[in-house]
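S.K.: Quick one, structure for this:
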Amino acid sequence: MSKAGQRNFTGISAQADVALLHLLQACKNSDFQQIVVEGEKWEDFTLIFDDHKEHFEVKWHSKPASYSLIRRVIEKELMKSYGENDLLKIVVKKVNKNFKLSYDYINKYSWLLWSFDEKDQNQSDVIKKFLHKNWRKEAIRFLERTEVIELESDEYLSERISEYFAIEDPFYLDPDDQESIVAQSFREILRAGAKGGSIPRQEFLNTLDYFKDHIAGKSESFSPGDSIRDQIKNIIPLLKSEDRLKMLDDDKYLSPISKKRRLIFYITDKLQKSPFKVRAFEFFIEKILLKRDYVGLTMHLLEEKWKQQTVDDRYLLDFVTTRYKKLLYNFNYHDALKIIEEIAENDSLGRYDEDILNFLKSKVLEPLTKEKEGR
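M.R.: Below you'll find the model as predicted:
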């Protein structure tokens, strides 16, 4: 990622990047207290909130996580004391496709976890598969409080951290910024936390403020207009009107833009602040943002456009319902559900009733209903 070939954001490890990403999100909540680290490699850490704990196990292996790997993690956690609201989150690059199918099925029909007997020959085929792979009943039931998170690669993880800053401030982080800036902020506190065992919320917030102050002094990163003019000729005038924006939909512009994170974040910020209708830059969303998997950034952009009333409700509804799981892992699914509620309230003719009800039933309500019925 840096000139020296750094592939992760912190320069420590992918596991430390995972911790940083979740720390950034947790610190936005006033009920977050601290992170507790169980080892210098950051493979095990716990986020402590006022009313619950979130235990993390990071298994950053090249091979997809298997039934046996997930089982071993859960068996270890079964030996610990878990509160009623405590959760386990297992972070991996990829998960075995067969396990993912079984895991998704269990999540959808969680009542199965509490209605089976190990000796029952008529139980679900999915439950049978877990038992066949030497899962104990207690381990299978522990899946109810377990979330398996796929983050694909070091590069993808680093992109999500940079995307966070692009949404929150915005800061247009480029890989070349990270070697010097991160070395003076996150890297030190993460290493100190690993040695000391914990990082309190306020201590991390102080580091976050230092990071922002430091990067704001780097004009190229904070206001990248000049560097953009140097890299792509006449791109700024193309952001002046919807008619000119159409000219941007050309490979001679889109190809170099797609390779420059700074340009992507900068243009997204400009589009968000502009009065342009989304239909004028759908090409940018489809060919750049979603192709680079910037789902969270796209959701943030569309949310602002929804407030401006410059996005078609059908386009927004389709975006949310087809990418709900991605939004779940990007921490902004609550915003998405709020928008769906507003679309439904504004739909006096009931044009979207069937789509919204099907979505809520299959993705939100049905799993919760099944769980309550099973208990």
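
S.K.: which residues in the stretch 251-375 of the chain form helices?
M.R.: 251-258, 261-273, 282-284, 295-308, 313-322, 324-329, 333-346, 353-359, 366-374 (DSSP state H, counting those that start in this stretch).

S.K.: can you put the ones you listed in CSV and add mean pLDDT?
M.R.: Below are these laid out as CSV (pLDDT from 0 to 100):
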stretch, mean pLDDT
helix 251-258, 82
helix 261-273, 85
helix 282-284, 95
helix 295-308, 90
helix 313-322, 88
helix 324-329, 68
helix 333-346, 82
helix 353-359, 83
helix 366-374, 45
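
S.K.: Export those to JSON lines and append columns for distance to V36 and mean neighbour count.
M.R.: C-beta here means a position set from N, CA and C on the backbone, and glycine is covered the same way. Formatted as JSON lines, the helices of the stretch 251-375 of the chain follow (distance: least, CB to CB, whole Å; neighbours: other CB atoms under 10 Å):
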{"stretch": "helix 251-258", "distance to V36": "40", "mean neighbour count": "14"}
{"stretch": "helix 261-273", "distance to V36": "32", "mean neighbour count": "20"}
{"stretch": "helix 282-284", "distance to V36": "42", "mean neighbour count": "17"}
{"stretch": "helix 295-308", "distance to V36": "26", "mean neighbour count": "20"}
{"stretch": "helix 313-322", "distance to V36": "35", "mean neighbour count": "17"}
{"stretch": "helix 324-329", "distance to V36": "23", "mean neighbour count": "16"}
{"stretch": "helix 333-346", "distance to V36": "26", "mean neighbour count": "15"}
{"stretch": "helix 353-359", "distance to V36": "37", "mean neighbour count": "14"}
{"stretch": "helix 366-374", "distance to V36": "29", "mean neighbour count": "14"}
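
S.K.: Which among the ones you listed is found nearest to F142?
M.R.: helix 366-374 (14.4 Å; CB to CB).

S.K.: ok, back up a step: could you point out which of the helices of the stretch 251-375 of the chain sits nearest Y109?
M.R.: helix 366-374 (5.2 Å).

S.K.: residue boundaries of the strands in the chain?
M.R.: Applying DSSP state E to the chain gives strands spanning 32-37, 44-49, 53-59, 87-92, 146-150, 198-200.

S.K.: what about L23, distance to K129?
M.R.: Distance of L23 to K129, computed by CB to CB, to the nearest Å: 36 Å.

S.K.: any weak-confidence spans in the stretch 101-250 of the chain?
M.R.: Scanning the stretch 101-250 of the chain for pLDDT under 70 picks out 110-123, 166, 168-185, 193-194, 196, 214-234.

S.K.: Could you break this protein into its assigned domains?
M.R.: Domain assignment for the chain by automatic domain parsing gives 14-200, 223-374.

S.K.: TSV for the ones you listed, including distance to F211?
M.R.: Listed next are these as TSV, based on distance: least, CB to CB, whole Å:
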stretch	distance to F211
domain 14-200	4
domain 223-374	16
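
S.K.: looking at these, which is closest to D213?
M.R.: Nearest of those (CB to CB): domain 14-200, 9.7 Å.

S.K.: What's the end-to-end length of the closest one?
M.R.: 21 Å (CA to CA, to the nearest Å).

S.K.: now that domain: how far from the chain's centre is it?
M.R.: 12 Å (CA atoms, centre = their mean, to the nearest Å).
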